[in-house]
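K.L.:
Pasting the sequence and the predicted model now:
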Amino acid sequence: MDRNQRRARAIGMRKTNPLPHLRTTPASPGTVYFIESRPHPHAPWERASSSTATWEEKPEALRRLTARRETQPSWEHRLMERITTVTEQPAAEK
């Protein structure tokens, strides 16, 4: 098979199995909430290693925070907020 035949075959394959579309819209902006904890006031704040949970609804996050405080009363717990924004701007061409 020569070079032109390979190209024609590749083009034909794309017509029957098109390449997946690239994502053209950026991730949507938004806010999520998560919990950080520490065993005493001088320890660094950390997320629980067993939990990567985030919540988009603040009332649900507050409910989980209350539950965490009840299950681990000797630890400090706080609610964290992550705000994601999207910025579009012209790119340098050089």
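P.N.:
Yep, that arrived. Numbers count the residues shown, from 1 in each chain.

K.L.:
hey, which helix or strand in the chain has the poorest pLDDT?
P.N.:
Every helix and strand in the chain was compared by mean pLDDT, DSSP states H and E; the lowest is helix 3-16, with a mean of 69.

K.L.:
mind listing what's buried in the helix or strand just after it?
P.N.:
The first helix or strand that comes after helix 3-16 along the chain, using DSSP states H and E, is strand 30-38. By 16 or more other C-beta atoms under 10 Å, the buried positions in strand 30-38 come out as V32, Y33, F34, I35, S37. All C-beta spots, glycine's among them, are computed from the backbone N, C-alpha and C.

K.L.:
Just give the closest residue to the third one, not the sequence neighbours.
P.N.:
So that's F34. T54 (4.8 Å; C-beta to C-beta, 6 or more residues apart in numbering).

K.L.:
can I assume that neighbour is in contact with R82?
P.N.:
Yes: between T54 and R82 there is a contact at 7.3 Å, judged by C-beta atoms under 8 Å.

K.L.:
what's the pLDDT at S50?
P.N.:
For S50, the model assigns a pLDDT of 67.

K.L.:
Same check on A27?
P.N.:
65.

K.L.:
ditto for L22
P.N.:
pLDDT, read off for L22, is 54.

K.L.:
what does K58 give?
P.N.:
94.

K.L.:
need the contact list for it.
P.N.:
Y33 (C-beta atoms under 8 Å, 6 or more residues apart in numbering).

K.L.:
I'd like the distance between it and A8.
P.N.:
For K58, the distance to A8 equals 57 Å [C-beta to C-beta, to the nearest Å].
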